[in-house]
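Colleague: A predicted structure for the sequence below; I have some questions about it.
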Protein chains: 2
Amino acid sequence: MEEVRLVGGALPVNEQEKKEEVLNRYMEQHGLKSTRQRSLIIDTFFAIGGHLSVEELWSKVREQDAKVSVATVYRTMKLLNDCGLAHARNFGDGQTRYEAAAGREHHDHLICTRCGRIVEFENDRIEAMQEAVARKHGFTVTSHKMELYGLCKDCQRQPPAPKTEA
Amino acid sequence: MEEVRLVGGALPVNEQEKKEEVLNRYMEQHGLKSTRQRSLIIDTFFAIGGHLSVEELWSKVREQDAKVSVATVYRTMKLLNDCGLAHARNFGDGQTRYEAAAGREHHDHLICTRCGRIVEFENDRIEAMQEAVARKHGFTVTSHKMELYGLCKDCQRQPPAPKTEA
DNA sequence: ATCTCTGCAAAAAGTTTGCAATAAG
DNA sequence: CTTATTGCAAACTTTTTGCAGAGAT
């Protein structure tokens, strides 16, 4: 139970190719160059998975190359976001978190307010009802965000020490 | 149709009393004092309604008293949030927005990505399903956030000029 | 009087940007 | 070679905080 800090992490091998394809096409079309730090940041991001803040990602990246600057991490994540391989999320802790997006279904989040654990889920019936509600109000939905905050199984029985998000 | 920029704004008169009661009790229990700027900020906040950023609220407050500082607005809104009369929201535009909460049911938001209009709604069935999903993952939900982004009725037929949030 | 508040300005925290040096194609 | 990228530091934005003077009870 402990090792599953986050659900929805690193991509399976077959996704790797699709991801690289998307990335390469995007870089080519935009005249971008492939650099050592970009690759390192991107690889690290997809390898770790989860919902990383720039700070967290940066510290992981620096374990490999201490010279990489935050600015580069910010710029690279913006790039990944723009080409659709990562989504920027904001869970209200004051910093933007990124999550891998390539080839993944839309999903929502369950967030433990005690230990910071984040679990992803999807539910078609809820989505259908959202559509219905929107229609009733004359809206056309293009995207949505749903976050459930509460206590995870472990934290419900007080004991487990609160750990800050992985 | 145009005047309804936001749904869920100023409180009805009968709510005013309940609100004041809550506020007074809270201030008393916490040894807080009622001051000119606090009252002005709070009254302005409830009078305008909607989903105000500190910046917006501050500018409205300054129309009445140009000397009030942002710090005081921040401190006062934090206070309102703590006593449960306001909820801090984050719609991803980089600034915290507050909305009146006294005696209002929990609700979610429909947000027009073109004109910024925000419509509130509530749906018990969706909430019930959220509970179910959470339970399935071993979570106990204490609060949630659901935002549907898309185009409102007006903006679906291109013409209407986009206006920034009231 | 006493203890809380306010305004101001400085400090944080997170993110962005300008620029000269550096690396990629 | 030419153009994009990087690191660094300065700039920005939003929010918080320390402090001395002003205000509330």
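Modeller: Great, that's in hand.
Colleague: what does chain A put close to chain B?
Modeller: Proximity of chain A to chain B (Cβ under 8 Å from any Cβ of the partner chain) is limited to residues A:90, A:92, A:110, A:112-113, A:119, A:121, A:123, A:125-126, A:129-130, A:133-134, A:137-153, A:156. C-beta coordinates here come from the backbone N, C-alpha and C atoms, glycine included.
Colleague: Mind checking which of those are buried?
Modeller: Among the residues of chain A next to chain B, those classed as buried by 16 or more other Cβ atoms under 10 Å in any protein chain shown are A:110, A:112, A:119, A:121, A:123, A:126, A:130, A:133-134, A:138-139, A:141, A:144-152.
Colleague: Okay, domains of chain A per the record?
Modeller: A:11-100, A:108-157 (the TED database).
Colleague: Stretch A:40-51 close to DNA strand D?
Modeller: No. With Cβ under 7 Å from any atom of the strand as the criterion, DNA strand D is not reached by stretch A:40-51; the gap is at least 7.6 Å.
Colleague: how about that stretch as CSV, C-alpha atoms only?
Modeller: Provided in CSV are the C-alpha atoms of stretch A:40-51 (Å, rounded to 0.1, in the frame of the first residue of the first chain):
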residue,chain,number,x,y,z
LEU,A,40,17.2,15.0,-19.1
ILE,A,41,14.2,17.0,-17.8
ILE,A,42,11.7,15.3,-20.0
ASP,A,43,13.1,11.8,-19.3
THR,A,44,13.1,12.4,-15.6
PHE,A,45,9.6,13.8,-15.7
PHE,A,46,8.2,10.8,-17.4
ALA,A,47,10.3,8.4,-15.4
ILE,A,48,9.1,9.6,-12.1
GLY,A,49,5.5,10.1,-13.0
GLY,A,50,3.0,11.5,-10.5
HIS,A,51,2.1,15.1,-10.0
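Colleague: list the buried ones in it?
Modeller: Buried residues in stretch A:40-51 (16+ other Cβ under 10 Å): A:L40, A:I41, A:I42, A:T44, A:F45, A:F46, A:I48, A:G49, A:G50, A:H51.
Colleague: again with stretch A:68-88
Modeller: A:V68, A:T72, A:V73, A:T76, A:M77, A:L79, A:L80, A:C83, A:L85, A:A86.
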